[in-house]
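Colleague: Sequence plus the predicted model coming up.
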Amino acid sequence: MPSLLTLLLPLLAWLGSFAPAAPFDANWVNNVGARTQPAGQTVFPVTKYGAVADGQTLNTRAIQQAIDAAARKGGVVTFAPGRYLTGSIFLKKGVTLHLAKGVILLGSQNLQDYPELPSRVAGIEMVWPAGLINILGQDNVAITGEGTVDGQGQPFWDNYWALRKEYEAKGLRWIVDYDAKRPRTLVVANSSNVTLRGITLQRAGFWTVHILYSQNVTADGLVVRNNLGGHGPSTDGIDIDSSSYVLVQNCDIDCNDDNFCLKAGRDWDGLRVNRPAEYILIQNCVAGAGGGLLTCGSETSGGIRHVIARGLRARGTQCGIRLKSATNRGGTVEDILVENIELEQVRWPISVSMNWNPAYSYSALPAGYTEATLPEHWKKMLARVTPEQGTPHFRHVTIRNLRATGAQVAITAEGLPGSVLENFTLADISIRSAAAGNIDYAKGWNIRRLDIQAANRQPVAVTNSADMQN
């Protein structure tokens, strides 16, 4: 009979493979996240400025007055325990917004309480409602505490579904997400040295945390719960959009779309802006419901590169590691390292597509519309992108030390005849699934210790591919 040690050696070897590996480039990894934090300690209680914690009084003006006072000297805006209803508030340089345990910020359910401002939404620059909490064009700002920000998104979800039903009947699925205006919960845009730590965000009207055109941002210990009392559409967890040197760690996300998502613009407008998402470290996070534990895309126009995601766990998400784009989007996704991943009941552990969701991805104007009279964001969506501009490229992607159980399809990876999936590495991967899946239009893959046990007993189907080392 083999000894206990003999029986344990394979397990110990597997667990040892989950030790953190050396990053591709230690120099950039050491520079991610906020480099400074607000130093001011003077306290500015919102109740001093007239805020009422009854969950019914609209406190937007009182909270903003406290923020403005703190910005003049540097300081901390605080709340006594209670429920504070508010519309959009705007943080400023040198201010810490501290939400202690027992504090709940309630987002107004009236869209008029979110002023419309220039922004970028789902890859298109356009006028859109401000977020509930906004950090716009600022440096050295923090949000801390164990309190809760509740977007109260149900009315915005209902409006979206009603408009989508109407638009789909007209052949306008591609534009409904842009016409159904909904507030994001927390927006960081054109800012630097921003720290987001510890708070819970729930029931977002649209995306939860949107980090846009910013650098040196830390999101640490955030909890996102967007499926409380409803099933909110497009309630992404954390979106890192054309931003750099971002650190996300110790976060816990349960939402109804992508959990941790990297974006860089869409189609003609994204190619015009041409700004990448790069130098991003995501580590030690967990996800429940959602479209994808880690998603790159589908807004890839400006490029997504220099990304490390490690120590991630998911149970019940749709996809584990997902790379997605479309043939009018363009951009290059490259230099991606994903390691030490645990997936349970995740339908597609590895999913790669360059032709994702055609009904949403491709814009076509139905008969009866005159293009000259269309809204500006419709024109951007309809602007022609040549095949050369629109073809995306995925290359230099490493996925290693991944374990998945209860999957439907282990891997689905589909390139294009004119843009193959180039130089992927799959190493030390164990997947238990109903089917193994397929790889199509790939080249130069390095596959080592790939263990896929499919219930249908069929291997991964590899077609239109070359130089697949195993």
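Modeller: Thanks, I have it.

Colleague: How much space separates Gln41 from Val95?
Modeller: Here the distance between Gln41 and Val95 works out to 12 Å (Cβ to Cβ, to the nearest Å). Glycine gets a C-beta too; all of them are placed from N, C-alpha and C.

Colleague: Could you do Gly237 as well?
Modeller: Distance of Gly237 to Val95, computed by Cβ to Cβ: 25 Å.

Colleague: Equivalent analysis for Ala289, please.
Modeller: In terms of Cβ to Cβ, Ala289 sits 33 Å off from Val95.

Colleague: Mind checking which of these two has more residues around it?
Modeller: In terms of neighbours (other Cβ atoms under 10 Å), Val95 is the more surrounded of Ala289 and Val95; the figures are 29 against 20.

Colleague: Identify the contacts common to Gln41 and Val95.
Modeller: Common contacts of Gln41 and Val95 (Cβ atoms under 8 Å, 6 or more residues apart in numbering): 75-76.

Colleague: All the helices of the chain, in order from the start?
Modeller: Taking DSSP state H as the test, the helices found in the chain are 4-16, 26-29, 60-73, 154-169, 173-179, 267-273, 358-361, 376-382, 387-390.

Colleague: buried stuff in the second one?
Modeller: Think helix 26-29. Using 16 or more other Cβ atoms under 10 Å as the burial criterion, the residues of helix 26-29 that qualify are 28-29.

Colleague: likewise the last one?
Modeller: Neighbour-count burial for helix 387-390 flags Gly390 (criterion: 16+ other Cβ under 10 Å).

Colleague: Pull that helix out as PDB, backbone CA atoms only.
Modeller: Coordinates of the C-alpha atoms in helix 387-390 are reproduced here as PDB (Å, rounded to 0.1, in the frame of the first residue of the first chain):
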ATOM      1  CA  PRO A 387     -11.000  46.000 -42.800                       C
ATOM      2  CA  GLU A 388      -7.300  47.000 -42.200                       C
ATOM      3  CA  GLN A 389      -8.300  49.300 -39.300                       C
ATOM      4  CA  GLY A 390     -11.000  47.100 -37.900                       C
END
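
Colleague: What mean pLDDT does it get?
Modeller: Confidence for helix 387-390, expressed as mean pLDDT, is 96.

Colleague: what's it in contact with?
Modeller: Identification of contacts with helix 387-390 by Cβ under 8 Å, 6+ apart yields 267, 271, 326-330, 418.

Colleague: In a markdown table: those, plus pLDDT, distance to Cys285 and neighbour count.
Modeller: Shown next, in a markdown table, are those (pLDDT from 0 to 100; distance: Cβ to Cβ, whole Å; neighbours: other Cβ atoms under 10 Å):
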| residue | pLDDT | distance to Cys285 | neighbour count |
| --- | --- | --- | --- |
| Asp267 | 98 | 30 | 26 |
| Leu271 | 98 | 31 | 20 |
| Ala326 | 97 | 27 | 26 |
| Thr327 | 97 | 31 | 19 |
| Asn328 | 97 | 31 | 23 |
| Arg329 | 97 | 26 | 29 |
| Gly330 | 98 | 29 | 28 |
| Gly418 | 96 | 35 | 12 |
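
Colleague: how about a markdown table for those, with distance to Arg403 added?
Modeller: A markdown table is the format used below for the contacts of helix 387-390 (distance: Cβ to Cβ, whole Å):
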| residue | distance to Arg403 |
| --- | --- |
| Asp267 | 37 |
| Leu271 | 38 |
| Ala326 | 31 |
| Thr327 | 33 |
| Asn328 | 36 |
| Arg329 | 31 |
| Gly330 | 34 |
| Gly418 | 34 |
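
Colleague: buried residues in stretch 34-44?
Modeller: When neighbours are counted by 16+ other Cβ under 10 Å, the buried residues of stretch 34-44 are found to be 34, 37-38, 40, 44.

Colleague: what does stretch 63-77 give?
Modeller: Counting neighbours by 16+ other Cβ under 10 Å, the buried set in stretch 63-77 is 63-67, 69-71, 74-77.

Colleague: Measure how far that stretch is from the centre of its chain, please.
Modeller: On the basis of Cα atoms, centre = their mean, to the nearest Å, stretch 63-77 is displaced by 30 Å from the centre of the chain it belongs to.

Colleague: Give me the contact list for it.
Modeller: Contact partners of stretch 63-77, identified using Cβ under 8 Å, 6+ apart, comprise 38-46, 48-51, 84, 86, 89-98.
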